[in-house]
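Asker: Sequence and predicted structure, then a few things I'm wondering about:
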Amino acid sequence: MTTTPAPSRHAGTLITGANGEFGHGLIRTLYDAGRRDLVALDVHEIDASLRPMCRDAIVGDITDAALLSRLHANYEIHSIFHLAALLSTRSEFNPEAAHEVNVVGTVNLLKLAADQAASHGHPVRFMFPSSIAVYGMGGLEAKARAGAVREDQCLEPTTMYGCNKLACEHLGRYYARHYRQLAKDRPRGAGRVDFRCIRFPGVISAFTLPSGGTSDYAPEMIHAAAKSEAYACFVREDARIPFITMPDAIEALLKLHDADAKALTRTVYNITAFAPSAGEIAAIVRRHFGKAEITFQPDVERQGIVDSWPADVDDSAARQDWGFHPRHDLNAAFEEYLIPNIRAKYAT
Ligand code: SER
């Protein structure tokens, strides 16, 4: 008698938004750490330098449910890094498109995670980058009074992006704990979505620039100076929000991914590394690039978004539960990471 082997699926770690700046850093880090099962998904073709680091690179849209069904058929997925999103500035120009990508796309991926967990019987780690945009401080005086906000404070975002991220934080918790709670075959035990979320501050990379965000003034100012280009900053000198370097942001995401589930007291964690004003960033940039031409020409609307975000966040839960500890404070961020790497990048 002949037997037909059971069809098997390829093991895959799925990264959405793979061609974005977070995806670039994450793929390199995971590849360098020995991961060879990376499946990259992005609406744009993946950068040629990243392609050899990925088992597969798929061009497609997370709002395409049929595409995600095909992924379910082809891969056995244990971890999803869901990085795809329209950022805060871009989302204000088309809030409904932002909802489609940021919320509907996330629900599609949460369903994929739930289907995967049910089919292979193991939890699927679902890593979700949320943002300080989920906060709404209600005016500059309240922002100054609030200081470093905890995860459960001031959750009245004024941007579509912030509303989308906050909605997805709740949807992630729902899929992890209450999904299909009235169904007879509701998921139980190990075959669940293990949703883990970090609220990121502004992220600054020495190698790439973000597109469509509102915290972009910091990386734009630094990169412009290194390229000897003049930069007109779109927020006031006293505008203040928290930031982190890209390597610390990636390390945090991986550390939370690897943390023992028993150590986690919440699904959503704040993190931060330093919280300079735009003027303080400009002063450091001028110290390193003597010829930097930085002016401040606030854009009232984008300034309003930054004013609605907290000046700082309380990340003690992340430090206690899974040992978050950024390598770069403000000084180290510039001295050890940004300045040497940015100089080398634009030297040629
Ligand atoms: N950096 C993002 C933005 O500016 C916030 O998470 O949109």
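Answerer: Noted; the coordinates are in hand.
Asker: What ranges does this protein have for its helices?
Answerer: Counting by DSSP state H, one finds helices in the chain at the ranges 21-32, 65-74, 88-93, 95-99, 105-120, 140-146, 160-177, 217-226, 246-258, 278-288, 300-308, 316-322, 330-332, 339-347.
Asker: Check which helices and strands the first one sits against.
Answerer: Same thing as helix 21-32. Judged by 3 or more CB pairs under 8 Å, 6 or more residues apart in numbering; DSSP states H and E, the packing partners of helix 21-32 are strand 10-16, strand 38-42, helix 246-258. C-betas here are computed from N, CA, C, even on glycine.
Asker: repeat that for 10 Å
Answerer: Identification of packing neighbours for helix 21-32 by 3 or more CB pairs under 10 Å, 6 or more residues apart in numbering; DSSP states H and E yields strand 10-16, strand 38-42, strand 75-82, strand 124-131, strand 202-204, helix 246-258.
Asker: next one: the second one
Answerer: Under the contact definition 3+ CB pairs under 10 Å, 6+ apart, helix 65-74 sits against strand 10-16, strand 38-42, strand 56-59, helix 105-120.
Asker: at 7 Å what do you get?
Answerer: Under the contact criterion of 3 or more CB pairs under 7 Å, 6 or more residues apart in numbering; DSSP states H and E, helix 65-74 touches helix 105-120.
Asker: List the contacts of the helix it packs on.
Answerer: 16, 62-63, 65, 68, 71-72, 76-77, 80, 82, 84, 123-124, 126, 168, 171-172, 175, 179, 187, 191-193 (CB atoms under 7 Å, 6 or more residues apart in numbering).
Asker: From these, list the buried ones, please.
Answerer: With neighbours counted by 16 or more other CB atoms under 10 Å, those contain buried members at 16, 62-63, 68, 71-72, 76-77, 80, 82, 84, 123-124, 126, 168, 171-172, 175, 179, 187, 191-193.
Asker: Please name the bridge partners of Leu41.
Answerer: Thr16, Ile58 (DSSP bridges).
Asker: Can you name the residues of the stretch 151-300 of the chain that neighbour the ligand?
Answerer: Tyr161, Phe200, Gly202, Gly213, Thr214, Ser215 (CB under 6 Å from any ligand atom).
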